[in-house]
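Visitor: Just to be clear, the model below is a prediction. Sequence and coordinates:
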Amino acid sequence: MKNLLIYSNFNKLLTFAAATEMADSVKNILKTHIVRNVGKLFSANLIAQAIGLLIYPVLTRIYSQADFGLFNVFMSIAGVLIIFSTGQYQHAIPLPKEDKRALDIFNTGFLLLLLTTLLTVLLLPAFCRLQPLLNAEGLERYVWLLPVLVFANGLWTMLNNWFIRKERFTHISVYQVCQNSLSAIGRWILGVLKVTGGLIYGAVLAPCISLAGMFPASRKTGIRILRNCSKKDILSAAKEYSAFPKYQLPRALVNLLNTSMAIWFISPAFGLETVGYWGMAFLLALTPIQTITDSLYQVLFQYNAKRCQDNLPLLPSYRKFIFIALATVTPLFIGLYFCLPAVVRLLLGNNWGETAHIIRYLLPWILMICLAAPWNFTPNLFNKQNYGLIFEIAYLVSRLLVCIIGVVTNDFRILLLGYSLTGVVIIGAQTVWYYTLFRQHDKTATK
């Protein structure tokens, strides 16, 4: 009997140990799974952006500040059209449990993309008339490229979110590396050949070629564009996820205007050369940040969407992220502030020193971006796009006032300072709102 009791207790101990080990293994697998996906995207983004950035010391010695200014004006116009192109339905693709429903959403966005591309073609004469308004000499020569860029970028945003849903982060990584590599090489070659508008041509050709290479991979993941779906299914999906065009689209548009609007004020008031400095500052300052935040966003979106579907807690990981980000980025930015002028002169040449001063003004705002950008999917998780739109409108109005004050006073520094400080205030409030949403969700979540 004693031996049987010892044997029974020993079996219980083994069962408990096995259960504990299994639980730990599941946690480790989950952590490894997330880290692996973030690692894929981050590595690809790092390589892609490094290629893009490393070519700029060459490009700044081939193209003038005015060339970069015209490029930024063109891309700001294209950006607005791209926002409209899919009705922002792409953000809904990772949300449904069934792939069939996700495919209906994809096709809804694709039909809107075709319509937007056609409208862009019809509006080309109107875009030509923007040249004198924006003081952007030569713009009319390149507006015909707008429909091409709109279609290529719109289709990629749809495929990108489909790949997020299917956890095909390798496909996203390959596209990013190819797109940036082709853009860098193309602009360099066109510059050497002294092709006028080489910056714009390179930026348009790169996504088109990269997208063509993604179609075989997309078909293997179940994409059937405008196939195996009915008109009824598409209309039903459009209605069910109508919050995205209603709220996410205006929010994305306002978010883009927060950046592009400044270019539209700076160009006529301070000239294309200043726009060139401004665009280069955003490139150098935000590209490394976006390399990290975009990778985190895509993985965290998929991970938290699944946890939200399963009614699991979200707040602990959000708290941990904010703490780690603040502890890591703040000291880095302090050191960066002091070495920026020397670094910019070394990279771009002595004629680009103004870029370093612009970045210094923007550092507080960029710090806030590091905290909030990876979690910008939060309103989509809880169907709160309408409140997200309110934040973006407040952002737009405050920056509109700042730009007007800067132009009226003819003081670019006032515009810069106000642009940065309004970003700090609005994103700070947005971060607190995300925290509140997670806390409310966790009150009813399964522990």
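Guide: Received the coordinates, thanks. Residues are numbered from 1 along each chain as shown.

Visitor: Would you check the distance separating stretch 77-91 from the middle of the chain?
Guide: 12 Å (CA atoms, centre = their mean, to the nearest Å).

Visitor: how about it as PDB, C-alpha atoms only?
Guide: Written as PDB, here are the backbone C-alpha positions of stretch 77-91 (Å, rounded to 0.1, in the frame of the first residue of the first chain):
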ATOM      1  CA  ILE A  77      -0.400  64.900 -54.100                       C
ATOM      2  CA  ALA A  78       0.000  61.100 -54.800                       C
ATOM      3  CA  GLY A  79      -0.300  60.300 -51.100                       C
ATOM      4  CA  VAL A  80      -3.800  62.000 -50.900                       C
ATOM      5  CA  LEU A  81      -5.000  60.000 -53.900                       C
ATOM      6  CA  ILE A  82      -3.600  56.700 -52.500                       C
ATOM      7  CA  ILE A  83      -5.500  57.300 -49.200                       C
ATOM      8  CA  PHE A  84      -8.800  57.300 -51.200                       C
ATOM      9  CA  SER A  85      -7.900  54.500 -53.600                       C
ATOM     10  CA  THR A  86      -9.100  51.500 -51.500                       C
ATOM     11  CA  GLY A  87     -11.600  53.200 -49.100                       C
ATOM     12  CA  GLN A  88      -9.200  52.000 -46.300                       C
ATOM     13  CA  TYR A  89     -10.900  48.600 -46.500                       C
ATOM     14  CA  GLN A  90      -7.500  47.000 -46.400                       C
ATOM     15  CA  HIS A  91      -7.300  47.500 -42.700                       C
END
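
Visitor: What lies in contact with it?
Guide: If you take CB atoms under 8 Å, 6 or more residues apart in numbering as the criterion, stretch 77-91 is touched by 105-106, 108-110, 112-113, 116-117, 120, 127, 130, 146, 149-151, 153-154, 157-158, 160-161, 238, 241, 244-245, 248-249, 252-253, 256-257, 260, 377, 380. C-beta here means a position set from N, CA and C on the backbone, and glycine is covered the same way.

Visitor: Report the buried members of these.
Guide: Buried by 16 or more other CB atoms under 10 Å: 105-106, 108-110, 112-113, 116-117, 120, 127, 146, 149-151, 153-154, 157-158, 160-161, 238, 241, 244-245, 248-249, 252-253, 256-257, 260, 377, 380, out of the contacts of stretch 77-91.

Visitor: now the helices for the stretch 51-200 of the chain?
Guide: Secondary structure of the stretch 51-200 of the chain (DSSP state H, counting those that start in this stretch): helices located at 56-59, 65-85, 99-122, 124-128, 130-134, 146-165, 169-192, 198-220.

Visitor: Likewise for the stretch 201-350 of the chain?
Guide: Under DSSP H, counting those that start in this stretch, the stretch 201-350 of the chain gives helices at 231-240, 243, 249-270, 272-309, 315-348.

Visitor: Give me the number of neighbouring residues for the residue nearest to Cys229 when sequence neighbours are not counted.
Guide: Nearest in space to Cys229, with sequence neighbours left out and distances taken as CB to CB, 6 or more residues apart in numbering, is Asn107 at 5.1 Å. Using other CB atoms under 10 Å, Asn107 has 24 neighbouring residues.

Visitor: The one 4 residues further on too?
Guide: Per other CB under 10 Å, the neighbour tally for Leu111 reads 17.

Visitor: cool, and Lys443?
Guide: 8.

Visitor: Numbering from 147 from now on, please.
Guide: Happy to do that; since the first residue is 147 now, the last one works out to Lys589.

Visitor: Please report the distance of it from Leu461.
Guide: 10 Å (CB to CB, to the nearest Å).

Visitor: Check the secondary structure at Ile560 for me.
Guide: helix (DSSP: H, G, I helix; E, B strand; the rest coil).

Visitor: quick one: low-confidence parts of this structure?
Guide: Within the chain, the ranges that satisfy pLDDT under 70 run 147-192, 194-195, 198, 368, 372, 374, 592-593.

Visitor: in it, which residue is closest to the centre?
Guide: Asp440 (5.6 Å; CA atoms, centre = their mean).

Visitor: how much space between that one and Ile515?
Guide: Using CB to CB, Asp440 is found at 11 Å from Ile515.

Visitor: Could you do Ser388 as well?
Guide: Following CB to CB, the distance that separates Ser388 from Ile515 is 29 Å.

Visitor: Neighbour count: the two, which is higher?
Guide: Using other CB under 10 Å as the criterion, Ser388 and Ile515 rank with Ile515 on top: 20 against 13.

Visitor: send the alpha carbons of stretch 568-582 over as CSV?
Guide: Output of stretch 568-582 as CSV, limited to C-alpha atoms (Å, rounded to 0.1, in the frame of the first residue of the first chain):
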residue,chain,number,x,y,z
THR,A,568,1.2,70.2,-31.5
GLY,A,569,2.4,66.7,-32.4
VAL,A,570,3.6,66.1,-28.9
VAL,A,571,0.3,67.2,-27.3
ILE,A,572,-2.1,65.3,-29.7
ILE,A,573,-0.1,62.1,-29.7
GLY,A,574,0.3,62.2,-26.0
ALA,A,575,-3.5,62.4,-25.6
GLN,A,576,-3.9,59.6,-28.1
THR,A,577,-1.6,57.4,-26.1
VAL,A,578,-3.6,57.9,-23.0
TRP,A,579,-6.8,57.1,-25.0
TYR,A,580,-5.3,53.8,-26.2
TYR,A,581,-4.5,52.9,-22.6
THR,A,582,-8.1,53.6,-21.6
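
Visitor: what comes up buried for that stretch?
Guide: Thr568, Gly569, Ile572, Ile573, Gln576, Thr577, Trp579, Tyr580, Tyr581.

Visitor: residues contacting the first one?
Guide: Thr568 makes contact with Tyr541, Ser544, Arg545, Val548, according to CB under 8 Å, 6+ apart.

Visitor: where's the last one relative to Trp511, distance?
Guide: When CB to CB is applied, the distance between Val548 and Trp511 equals 12 Å.

Visitor: Common neighbours of these two, please.
Guide: The contact lists of Val548 and Trp511 share Tyr565, where a contact means CB under 8 Å, 6+ apart.

Visitor: quick one, which of those two is more surrounded?
Guide: Higher neighbour count among Val548 and Trp511: Val548, with 23 against 19, using other CB under 10 Å.
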